[in-house]
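Sequence first, predicted model second:
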Amino acid sequence: MSDTAATAPKSAKGAAKTAKGFDAPFEAFAFSVPNVEVPAVFRDIADKAVSGSKEAYAKLKTAAEEATEAFEDSYETTRTGLVALTHKSLDNVKTHTDATYAFARDFLAVTSFAEAVELQAAFARKQFETLTEQTRDLQAFTQKLSTDAARPVRQGVEKAFKGFQNG
């Protein structure tokens, strides 16, 4: 059982009156605005502000597009360079691996202790020279890569600063 009393349905006339009132526009906001003439000076100021805003927006949009293009160029240069750096590194690893296998093969053919020491010393010296040369090569490559990758961004920033100084 429920303690709440059931309400009787409203009459059809009451329901129609509620629906009609709900569909009608709000009369509280239906008022007329007087015709006001804006002085020409204010219109000129508003026109200048709008045109200045449009020009500033156009400059900002152009600068943003140029910055995006510069970052895309920089990203592509970096990506290409890192792929090349990875290939160089893998080539270096292959060189060291091949040298190590050759040393192991030669070491198994050694017939005396003196020959083993001489072979080990020659191997170590050759590996050190190779590693030094590879390190110099990788250092030069990464330095060039960083310079090339930064160039589009640097040029874009310089161009933007010149544009804002002149504008």
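Received, thanks. The structure displayed is predicted, hence computed values, not measured ones.

give me the number of residues near the residue lying closest to Asp137 once chain neighbours are set aside?
Leaving aside its sequence neighbours, Asp137 sits nearest to Lys88 (Cβ to Cβ, 6 or more residues apart in numbering; 7.2 Å). In this view, the C-beta of every residue, glycine as well, is placed from N, C-alpha and C. If you count neighbours by other Cβ atoms under 10 Å, Lys88 ends up with 15.

again with the one 5 residues further on
When neighbours are defined as other Cβ under 10 Å, Val93 has 11 of them.

host element of it?
Secondary structure assignment for Val93, by DSSP states H and E: helix 40-108.

Mind giving me the packing neighbours of that helix?
Under the contact criterion of 3 or more Cβ pairs under 8 Å, 6 or more residues apart in numbering; DSSP states H and E, helix 40-108 touches helix 113-166.

and the helix it packs on, average pLDDT?
Mean pLDDT, computed over helix 113-166, is 89.

repeat for stretch 72-88
Here the average pLDDT along stretch 72-88 is 92.

so what's the spatially most central residue of the chain closest to, chain neighbours aside?
Most central in the chain under Cα atoms, centre = their mean is Phe71, positioned 7.3 Å from the mean C-alpha point. Closest residue in space to Phe71, ignoring its immediate chain neighbours: Val153 at 6.5 Å, by Cβ to Cβ, 6+ apart.

Could I get the contacting residues of the one you found?
Neighbour list for Val153: Ala70, Phe71, Ser74 [criterion: Cβ atoms under 8 Å, 6 or more residues apart in numbering].
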